[in-house]
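Asks: the following comprises the amino acid sequence and a computationally predicted model.
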Protein chains: 2
Amino acid sequence: MTKKAENKNPNKKNQNSSSHIVSKLIFISAALIGLLSFYIYNIITIPPEVPQFDLNQWWGPYPIDLNRDLSIRPFTIEFTDVIINDLRERLLHRREFTPPLEDAGFTYGFNSNFLTQVLDYWQNKYNFKDREQFLNRYNHFKTNIQGLDIHFVHVKPQVSNHIHVIPLLMLHGWPGSFREFYEMIVKLARPHPSYNFVFELIIPSLPGFGYSEAPVRPGFGPAEMAVVIRNLMRRIGHERYYVHGGDAGHIVGSVMATLFQDEVLGFHTNMPVLMYHPLATAYTLLGSIWPSLIVEKELESRLYPLSQHFQRHLEESGYIHIQATKPDTIGAALTDSPTGLAAYILEKFSTWTNYEYKKAADGKLLMKYSLTHLLDNVMIYWATNSITTSMRLYSEACSKRNLALKLDQIPTNVPTWGIKFKHELIFQPDSLLRLKYKNYLHSTIVEDGGHFAALEMPDLLADDVFEAVDTFMEFHSGKNLKQETQVQPNYETAKTIYEFTVRNINGKDVKLDRYKGHVLVIVNVASQCGLTDTNYEQLNELYERYAISKGLRILAFPCNQFSGQEPGTHREIFNFAKKRNVKFDVFEKVDVNGDNAHPLWKFLKRTQSGTFGDFIKWNFSKFIIDKNGVPVERFGPNVNPIDLEPHLVKYW
Amino acid sequence: MTKKAENKNPNKKNQNSSSHIVSKLIFISAALIGLLSFYIYNIITIPPEVPQFDLNQWWGPYPIDLNRDLSIRPFTIEFTDVIINDLRERLLHRREFTPPLEDAGFTYGFNSNFLTQVLDYWQNKYNFKDREQFLNRYNHFKTNIQGLDIHFVHVKPQVSNHIHVIPLLMLHGWPGSFREFYEMIVKLARPHPSYNFVFELIIPSLPGFGYSEAPVRPGFGPAEMAVVIRNLMRRIGHERYYVHGGDAGHIVGSVMATLFQDEVLGFHTNMPVLMYHPLATAYTLLGSIWPSLIVEKELESRLYPLSQHFQRHLEESGYIHIQATKPDTIGAALTDSPTGLAAYILEKFSTWTNYEYKKAADGKLLMKYSLTHLLDNVMIYWATNSITTSMRLYSEACSKRNLALKLDQIPTNVPTWGIKFKHELIFQPDSLLRLKYKNYLHSTIVEDGGHFAALEMPDLLADDVFEAVDTFMEFHSGKNLKQETQVQPNYETAKTIYEFTVRNINGKDVKLDRYKGHVLVIVNVASQCGLTDTNYEQLNELYERYAISKGLRILAFPCNQFSGQEPGTHREIFNFAKKRNVKFDVFEKVDVNGDNAHPLWKFLKRTQSGTFGDFIKWNFSKFIIDKNGVPVERFGPNVNPIDLEPHLVKYW
């Protein structure tokens, strides 16, 4: 199960290779039989029905309190002096650690040398009062649902009338908390230049986590949790809303999208995966022989070789195993020792952010996070003494009772959108996700990032949530999502660009009338051009300066017609743009010259002819479009974006 | 993975049963293919060779200390005031526990209500100084092996010349310690009435456990540990010796019996199991279709249904999973908190003693153990702060490097003897054990007891060690072990009972000349007779009174010829006797009357005829044999054993 050291095995190589062939044969046969049998099984059975739950089940101590307060009460987080002094005392008197093995890094778990640094920081430098204030920067509330006091953060943006406010439930995971989302809140609750809506955020502490009370009896699994959270949304006044989740938040969110298909308007997840789905498992096994059957070529390495991924999973899943079986035992230790709690929680923030980090003596924890932010999250577990109850969720999720519900095998029609970070613990291809999510609209593939995306890449994740919800809304409004070719207008007779439809980088049709009333810059881009650096940088600058103040929008169209300087797939182009922190809109690759040129570009060239002929000369040709959708000026590749400023002024 | 609550699954029953059949089919096919393939694999490969190890590999910090002290130094265990005060302080200031879920018992891990009782006892009632003295009642030593200070208990019995002193190495497991064996020491190091030898005991703390130092770099697995322990035995002066082990002690002992086949004279284990043996696994799978292929009928339920045992194993192996992957993380918590340490260790003493104990609120911990004894063991981990290094053994044992050695697949000729307690975590039939242990001589089956046999049933385990080593010695002296029928003398002409051979309850031939010089009582017994209680009780009493002082021996022969009052199998009879705490010798069931009567009994009846005819009238007929092997008196069933006293006196 572990790592290191050279193989001292005295056996001959050829024995290994022949055994390798045999074991491969076994494996293939077993997979085939499994799949065949499951096919039969599927014919003779029907998919599981949606189970019914008592929506008012009582989870507090008996007797049921019939006169309980059902109001929503304001709540303030307090790190009292009692908590702080006790904690500092424990940190000061912590027991001498066992030194790590030589050069072990994080491969045997949290490196105790580095742990010393973390604890010293917590004890002496972490500013409890400042952090308390930081956590209280948003409004907190508590309200009693089914006998449990449930805590939540509630952010209601104040925006002008023409901006829609959309309710979004955000569900954290383990060992996370509502704190994970703080960096995203800023982004989600403020108007986004590309969308005409913002989010009203409801961010609960899951029951048994942080400031939410835990059930007092067995049987409170993800489904029961989903019911409580759904009732919380109703208490707040939302009967229909969007849901985002990752980790345990993904699981609970997925159950909500299964049990409450008329209430959840869309489900966005950064851990899109079916945990228990035999057919998906069979396909995954089969895919190790024919990967193309289930996974795109460029993502194959995220799933295969299966043995390698399985081994990693085995290596990283000890916590699941013990939490699913003995949460109270390990809980006794983590309750009593802040040292143990920090090690147990923060180890995950190293290895789950990137598996390779375990080779480093400091687990590269500080490469992506600050100790202050990491300890905010640990403090929430410590101050509320909720680690034991949080771990019990694994016992409930793995109970026979819960598994028999087969929640992952019950289809849902709720539109679903996943974002797949490179170092996420589990990867599952869209083809398998569609076994459950009948309207799985899209996967965003990110060539960076890990399990704690909200904390690690908040901007990117927030952008993805915006785009997903925008798509969910289109889905509900019945707009075409099947990507049949749109009827394009005749570029010879068209009057404005609003008549044209283009595809965004995720392959989704975008009618340009969404840009009505905005001044636009339309530009053809490439990733490997001599002009790339300057242009991307200055386009960004232009955008930052005028997007909000003046409503400027920039539409970039990758094009590979100039010395093949944009050879990549959409995904690669997307990642290139993400890396450069591009905020403006990047579309699908198009031709700009020739018979196959996109009608939009034919239109642009017709209405704004060029100096030495209408054809586009090179990457980074620019057009200005006025607020009526009419192309009004054209500039060659040699004109820097920033030099468009004096021209743009004329049109807003 | 867990327990409890009623299945709320809305699916119909018949779906389940059809899926059950299909999954059974899959399972069978997979097992068949696996076995077939493995058969091929076996043909094209040869068994792994015995790997060579550097017998002087250095495990301490570099540079190697060439002038280090290689002597054996006396050592005393000290629970200093610093340790005690610090510990009491921590126990006093322990943090409030999360209450257990309603009626959860130990099913979510250590019940925190009961934990409070344990910790209060530790803090206020555990007598540290007394226990320190108790632990020091035997001689402790330390000596440096390969850079590590290794601690061991050394018990050298002082006995008269005609008693042989046999060196026995005893290896504890995790989370055990040398302390586990204290109740057995008394028994093993004192002359046993049935054998002419006693044991010199060497009981080390495994490296990284308790008072033995831990290696400072990765790569110290069971094999490397076996080398160190073997070198310790040489340092003490033993080049050939017997080994007993359980749990990790079984694993290390098994490796010693593999690597040092000329040094280990016999291997006794109370956890006889091959951990990684693909063929054994394949057979085990196959056995779920044809159990009789690999396991005796009466033991079938210890292995099948496999799914049930596998699930239990899954439920109980979370600790292995986390210790094999993140020992240092969990170690940080257990190092810092005596609360956590006690919960983590003592949970095992509940559930591993009997799986059913987890239903009880107190884990029935006190049913088999006292808190004092349990805390002795916890104290050893606490005082030495060795929990982290002890857990690292799992990482090393599960490393690719160690698994590639395939140590479980390398055959050994060392005679091996297992004792199988009813509630041991894993059961493996003898047929599979023989894949490795080519001279697997015997399994003792016990219908009681669990994983911590040394602590739970020390007398029974010690008796078994005696019998095993006696058999090992016979094995080495070339005596017949194949159990071919012995040539019995003609009972008409025989002079003494010494000429006869009988079979003991384990089916092993015993020539009666081993009783030369002893006065004997020979009696036919039965378990379900009205006379049973009185007779067993008084035979025990007689034996206790005169076995050591006068050399009295009692030979009991179960017989089913009187109203079928001894219907059981040998195993059942054995267990019946064990339950009644029988110390004297019980033999295989025989006929005492009729043509098929055992020749010994024909001889007894010929030489001592009965009042109303020679035939045996009922259960519990008794013969006295003098020191020359001659039957001298006969008593009917109605004579109580204790009434033989005045008669026996005449013959010693």
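Replies: Perfect, I can see it now.

Asks: tell me where the stretch 451-600 of chain A has helices.
Replies: A:453-456, A:458-476, A:532-550, A:570-579, A:599-607 (DSSP state H, counting those that start in this stretch).

Asks: cool, and the stretch 51-200 of chain A?
Replies: A:81-92, A:112-124, A:128-135, A:182-188.

Asks: pLDDT-wise, which helix or strand of chain A ranks last?
Replies: Among the helices and strands of chain A, helix A:13-44 carries the lowest confidence by mean pLDDT, DSSP states H and E, at a mean of 61.

Asks: ok, back up a step: return the most buried member of the helices of the stretch 51-200 of chain A.
Replies: helix A:182-188 (a mean of 20; mean count of other Cβ atoms under 10 Å in any protein chain shown). For every residue, glycine as well, the C-beta is placed using N, CA and C.

Asks: which stretch in the helices of the stretch 451-600 of chain A has the least confidence?
Replies: Among these, helix A:570-579 has the lowest mean pLDDT, at a mean of 79.

Asks: tell me what that one is packed against?
Replies: strand A:440-446, strand A:585-586 (3 or more Cβ pairs under 8 Å, 6 or more residues apart in numbering or on different chains; DSSP states H and E).

Asks: for B:Gly147, which of those is the nearest?
Replies: Closest approach to B:Gly147 among the helices and strands packed on helix A:570-579 is made by strand A:440-446 (48.1 Å; Cβ to Cβ).

Asks: now that closest one and helix A:458-476, what's the angle there?
Replies: 160 degrees (axes from the mean of the first three to the mean of the last three Cα atoms, to 10 degrees).

Asks: what about A:Thr258, how many residues nearby?
Replies: 25 (other Cβ atoms under 10 Å in any protein chain shown).

Asks: doesn't A:Leu407 make contact with it?
Replies: Yes: taking contacts as Cβ atoms under 8 Å, A:Thr258 lies within contact range of A:Leu407: 5.7 Å.

Asks: the residue positioned nearest the centre of chain A: what's it in contact with?
Replies: Centroid check for chain A by Cα atoms, centre = their mean gives A:Asn270 as the closest residue, at 2.8 Å. Applying Cβ atoms under 8 Å, 6 or more residues apart in numbering or on different chains, we find A:Asn270 in contact with A:244-246, A:250, A:418-421, A:424, A:453-454, A:461.

Asks: for the stretch 1-150 of chain A, which residue gets nearest to chain B?
Replies: A:Gly109 (3.3 Å; Cβ to the nearest Cβ).

Asks: pull the contacting residues for that residue.
Replies: Neighbours of A:Gly109 in contact, by Cβ under 8 Å, 6+ apart: A:343, A:347, B:325-332.

Asks: pick the one among these closest to A:Arg606.
Replies: Nearest member of the contacts of A:Gly109 to A:Arg606, counting by Cβ to Cβ, is A:Glu347, at 61.3 Å.

Asks: that closest one: how many residues sit nearby?
Replies: 26.

Asks: so it is in contact with B:Thr325, correct?
Replies: No: at 10.4 Å, A:Glu347 and B:Thr325 do not qualify as touching, with contact defined as Cβ under 8 Å.

Asks: flag the shaky bits of chain A, pLDDT-wise.
Replies: Residues of chain A meeting the criterion pLDDT under 70: A:1-29, A:34, A:37-46, A:479-486.

Asks: contacting residues around the residue of the stretch 451-600 of chain A found nearest chain B?
Replies: With Cβ to the nearest Cβ, the shortest gap between the stretch 451-600 of chain A and chain B falls at A:His451, namely 15.8 Å. Each residue near A:His451 by Cβ under 8 Å, 6+ apart is listed here: A:246-247, A:271, A:348, A:352-353, A:421, A:423-425.

Asks: switch those residues over to CSV; also include distance to A:Val465 and neighbour count.
Replies: Below are those laid out as CSV (distance: Cβ to Cβ, whole Å; neighbours: other Cβ atoms under 10 Å in any protein chain shown):
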residue, distance to A:Val465, neighbour count
A:Gly246, 11, 28
A:Asp247, 16, 24
A:Met271, 14, 26
A:Lys348, 23, 22
A:Trp352, 21, 19
A:Thr353, 20, 24
A:Phe421, 14, 25
A:His423, 20, 22
A:Glu424, 16, 24
A:Leu425, 21, 19
